[in-house]
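Visitor: Structural data only, the sequence is not supplied:
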C-alpha cells in the first residue's frame, strides 16, 4: 500500500439540493438522500432493517468505479430511522451494483439549471485507490482476514432480507443533495490551516484538552505507529480527540473515500477484527475498507421541515477486495457496514 504521505483520501461534501422536478440523477450520480438510482439491468432491491424488519431509508449513493475495470460500480447505503434502531449495525445496509459500459442507460440531456456534477469526479485518482498490500486486518490495504469462525462468529451478510420490486410508500425519503468531491491534500494551504487551527483552539477550550498543532503530514498508518495525543479530553477519549483533529481541516465533510486505506475511527475499535468484518457473502473472499460516512451528514438526513432522524458517529463500509461480479448479473451484492456511535454528537448538530 502507498505510504501515509502518498495515500489519496477523497472527501465528499454536500453541494446543491437535488430537486426531482429540476434535475435528473442516475446510477452514475453521487448524492445523499432521495431515492436510489439503479442501472437498467439491476432488479431494484429494498433492504429491511435487521432489528425491526422495517424497510430502510436511502442514505447515500456513491459512484466509485475501479481502475482498469470495465464496469460502472455504485455503492448505496441504507439505514433504519427507527428510534430503537439508531446506532445498530444490523440497521444499516451497503449494496453494491455493477454494469458494463454497453449496459448503461442511454444518456439524456439534464436541465440547464444546476447541472449535476460529473460522476467521474470520484475517479480522478482511481489509480491510487487500488494499491493494496497485506495489512493488520482492520482496514489495512490487504483487506480483512478470510477466516470464518464456526458457530456464527463471523457476521452474515446475505441478501435474504432484501425485498425485490416492492413499493414502500411509508419509507422516509430524506432531502437529496449532490455530493461534491475534493482531495484532502488540496485543503492544506496556508489559509485553510489558519482556519483549521482556529477550530482546534475552540475545541481545546471547550473540551479542556491540549490536542496540539495540526500535522499536515499525518496519515492513517498502522495503529502501532499512530501518535495519539497524551492529553486526554474531559470525556477521556484520546481517539475521539485525534478524530476531531484530523477532520478539523474540513469539518463539513460528509464522507471519506480511500479504498484499500485505513479508516478514521471515532472511538476504540475491537482489538480482534477477524470475527467482526465478515468475508464477502458472494465469493467468500476478504473485504477491504472503502469509505466511511461522517458526523456532518447527520444534520443533512432529514425530511423537509423535519429534524434529523438518524444519529451515528461514523459508518465504515468494507467491500469485497476483488469486487466480485458475474457479468450480466441482475442481482446486487451486499457489503459490510460497521457502525460507531459519536461520543460527542452535539458538536455536529
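Guide: All right, it came through fine. Because the structure is predicted, anything quoted here is derived from the model rather than measured.
Visitor: quick one: low-confidence parts of the chain?
Guide: Residues of the chain meeting the criterion pLDDT under 70: 1-6, 101-169, 189-204, 206-236, 272-275, 305-308, 344-349.
Visitor: again, only this time at 80
Guide: Counting by pLDDT under 80, the chain has low-confidence residues at 1-7, 20-21, 86, 101-170, 188-237, 271-275, 304-309, 342-349.
Visitor: And the strands in it?
Guide: Taking DSSP state E, the strands of the chain run over residues 10-17, 31-32, 45-46, 57-63, 71-79, 92-100, 163-164, 177-183, 255-257, 287-293, 314-320, 333-340.
Visitor: the helices in the stretch 151-300 of the chain, which residues?
Guide: Counting by DSSP state H, counting those that start in this stretch, the stretch 151-300 of the chain has helices at residues 190-207, 238-247.
Visitor: returning to what we had before: as JSON lines, the strands of the chain with mean neighbour count and distance to residue 23 would be great.
Guide: No exception for glycine: its C-beta is placed from N, CA and C like everyone else's. Shown next, in JSON lines, are the strands of the chain (neighbours: other C-beta atoms under 10 Å; distance: least, C-beta to C-beta, whole Å):
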{"stretch": "strand 10-17", "mean neighbour count": "20", "distance to residue 23": "9"}
{"stretch": "strand 31-32", "mean neighbour count": "26", "distance to residue 23": "10"}
{"stretch": "strand 45-46", "mean neighbour count": "22", "distance to residue 23": "23"}
{"stretch": "strand 57-63", "mean neighbour count": "25", "distance to residue 23": "14"}
{"stretch": "strand 71-79", "mean neighbour count": "23", "distance to residue 23": "17"}
{"stretch": "strand 92-100", "mean neighbour count": "24", "distance to residue 23": "21"}
{"stretch": "strand 163-164", "mean neighbour count": "12", "distance to residue 23": "27"}
{"stretch": "strand 177-183", "mean neighbour count": "19", "distance to residue 23": "8"}
{"stretch": "strand 255-257", "mean neighbour count": "24", "distance to residue 23": "20"}
{"stretch": "strand 287-293", "mean neighbour count": "26", "distance to residue 23": "22"}
{"stretch": "strand 314-320", "mean neighbour count": "25", "distance to residue 23": "26"}
{"stretch": "strand 333-340", "mean neighbour count": "22", "distance to residue 23": "27"}
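Visitor: for these, which one sits closest to residue 299?
Guide: Of all the strands of the chain, strand 10-17 sits nearest to residue 299, with 9.6 Å by C-beta to C-beta.
Visitor: so what secondary structure elements neighbour the closest one?
Guide: Under the contact criterion of 3 or more C-beta pairs under 8 Å, 6 or more residues apart in numbering; DSSP states H and E, the helices and strands touching strand 10-17 comprise strand 177-183, strand 255-257.
Visitor: JSON lines for the strands of the chain, including distance to residue 276?
Guide: Written out in JSON lines, the entries for those read as follows (distance: least, C-beta to C-beta, whole Å):
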{"stretch": "strand 10-17", "distance to residue 276": "25"}
{"stretch": "strand 31-32", "distance to residue 276": "26"}
{"stretch": "strand 45-46", "distance to residue 276": "24"}
{"stretch": "strand 57-63", "distance to residue 276": "21"}
{"stretch": "strand 71-79", "distance to residue 276": "18"}
{"stretch": "strand 92-100", "distance to residue 276": "14"}
{"stretch": "strand 163-164", "distance to residue 276": "27"}
{"stretch": "strand 177-183", "distance to residue 276": "28"}
{"stretch": "strand 255-257", "distance to residue 276": "20"}
{"stretch": "strand 287-293", "distance to residue 276": "11"}
{"stretch": "strand 314-320", "distance to residue 276": "10"}
{"stretch": "strand 333-340", "distance to residue 276": "7"}
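Visitor: Of all these, which one is nearest residue 303?
Guide: In terms of C-beta to C-beta, the element of these nearest to residue 303 is strand 57-63, at 9.5 Å.
Visitor: residue contacts, the closest residue to residue 268 other than its chain neighbours?
Guide: Beyond its immediate neighbours in the sequence, the residue positioned closest to residue 268 (C-beta to C-beta, 6 or more residues apart in numbering) is residue 239, lying 5.7 Å away. In this structure, residue 239 makes contact with 228, 265-268, judged by C-beta atoms under 8 Å, 6 or more residues apart in numbering.
Visitor: picking up where we left off before, which stretch among the helices and strands packed on strand 10-17 comes nearest residue 93?
Guide: For these, the distance to residue 93 is smallest for strand 255-257, at 16.2 Å, taking C-beta to C-beta.
Visitor: From residue 270, how far out is the residue nearest to residue 268?
Guide: With the distance defined as C-beta to C-beta, to the nearest Å, residue 239 ends up 13 Å from residue 270.
Visitor: repeat for residue 15
Guide: From residue 15 across to residue 270, the span is 35 Å (C-beta to C-beta).
Visitor: Please apply the same query to residue 326.
Guide: Applying C-beta to C-beta, the value for residue 326 to residue 270 is 32 Å.
Visitor: same thing with residue 304?
Guide: Counting by C-beta to C-beta, the gap from residue 304 to residue 270 is 39 Å.
Visitor: Neighbour count: those two, which is higher?
Guide: residue 270 (11 against 7; other C-beta atoms under 10 Å).
Visitor: what's near enough to touch the more buried one?
Guide: residue 276.
Visitor: pretty sure residue 181 contacts residue 30?
Guide: Yes - applying C-beta atoms under 8 Å, one finds residue 181 in contact with residue 30, separated by 7.1 Å.
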